[in-house]
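S.K.: sequence below, structure please.
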Amino acid sequence: MYTEDDLLPLSGLQHLQFCERQWALIHLEGLWEENRLTVEGRQLHERVDENEVEVRGNTRIVRGLRLRSLHLGLAGRADVVEFERVGPDCDVPGVTLPGLAGRWRPTPVEYKRGRPKRDRSDEVQLCAQALCLEEMLETAVPLGVLFYGKTRRRVDVPIDEDLRQHTRELAAHMHALFEREQGPPPHYEKRCENCSLMAHCMPKTLSKQRDVKRYLQRAWNFSREDEEE
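M.R.: Next up, the predicted model:
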């Protein structure tokens, strides 16, 4: 269990899943730079993150709900949490809401600007929100939803045990990196081209410098071995 003072930003899980170097630049060094992709993502979140409540039939839509988990050591806000009224025979018992009759099943909904990704960065962020809701509301959250702006489609994400365990391990790893206060060295990959922090990270330049250092070290070791012979 973590304390309130130990809580790290829940959004950092997505950065860490995508790239440890990116996470370190943002959350250890406090660097941030906008590009077209980050601006589009921020504008999308500004439209949904208004801390409002909307009613659609048997569903109450809450925007900007604050979340936290002392088990994961995370805090943040959900884009949207949908509370759907459930009957007595529902496999998820649901929770009570102030001033409302019946029981309600919470489902976190996370908005993304692009398309579904190949990695699990969107899924772990959504799963962490589900785990926060379970801890705060003392109920099961078996499902989350990702909404992608490019496709304008909702994608259901089962919050299964494999995803839960991966999210827990990633949160623990993030805390370990934060305690160490040191990020990994840069390593260039094709996806670096879409990162707004590429100019700060300099993966091409610094990776080449490390290659030169390794070459000189190997050459030095080799020459010393010749001298000893």
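
S.K.: now do the helices in the protein.
M.R.: Along the chain, counting by DSSP state H, helices occupy 12-18, 20-27, 36-48, 121-137, 161-180, 198-201, 203-228.

S.K.: where does the chain dip in pLDDT?
M.R.: By pLDDT under 70, the low-scoring segments of the chain are 32-51, 192-193, 196-200, 202-229.

S.K.: how is this structure divided into domains?
M.R.: For the chain, automatic domain parsing gives the domain ranges 4-184, 186-229.

S.K.: buried deepest among those domains, which one?
M.R.: Mean neighbour count, computed with mean count of other CB atoms under 10 Å, is highest for domain 4-184 among those, reaching a mean of 16. All C-beta spots, glycine's among them, are computed from the backbone N, C-alpha and C.

S.K.: select the longest strand from this protein.
M.R.: As assigned by DSSP state E, the longest strand anywhere in the chain is strand 74-86.

S.K.: ok and it relative to helix 121-137, angle-wise?
M.R.: Put simply, strand 74-86 runs at 70 degrees to helix 121-137, going by axes from the mean of the first three to the mean of the last three CA atoms, to 10 degrees.

S.K.: Ile159 contacts Leu143, correct?
M.R.: Yes - if you go by CB atoms under 8 Å, Ile159 and Leu143 touch, sitting 6.2 Å apart.

S.K.: re the thing from before, can you give me the angle the longest strand of the chain makes with helix 161-180?
M.R.: 160 degrees.

S.K.: pull strand 74-86 out as PDB, backbone CA atoms only.
M.R.: This file holds the C-alpha atoms of strand 74-86, laid out as PDB (Å, rounded to 0.1, in the frame of the first residue of the first chain):
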ATOM      1  CA  LEU A  74      -1.600   6.100  -8.800                       C
ATOM      2  CA  ALA A  75      -3.900   9.100  -9.200                       C
ATOM      3  CA  GLY A  76      -5.500  10.800 -12.100                       C
ATOM      4  CA  ARG A  77      -8.800  11.600 -13.800                       C
ATOM      5  CA  ALA A  78     -11.000   9.500 -16.100                       C
ATOM      6  CA  ASP A  79     -12.200  11.100 -19.400                       C
ATOM      7  CA  VAL A  80     -15.600   9.500 -18.800                       C
ATOM      8  CA  VAL A  81     -17.100   6.900 -16.500                       C
ATOM      9  CA  GLU A  82     -20.500   5.500 -17.600                       C
ATOM     10  CA  PHE A  83     -22.700   4.300 -14.800                       C
ATOM     11  CA  GLU A  84     -25.400   1.900 -16.200                       C
ATOM     12  CA  ARG A  85     -28.400   0.900 -14.100                       C
ATOM     13  CA  VAL A  86     -28.400  -2.900 -13.500                       C
END
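
S.K.: all set, thanks.
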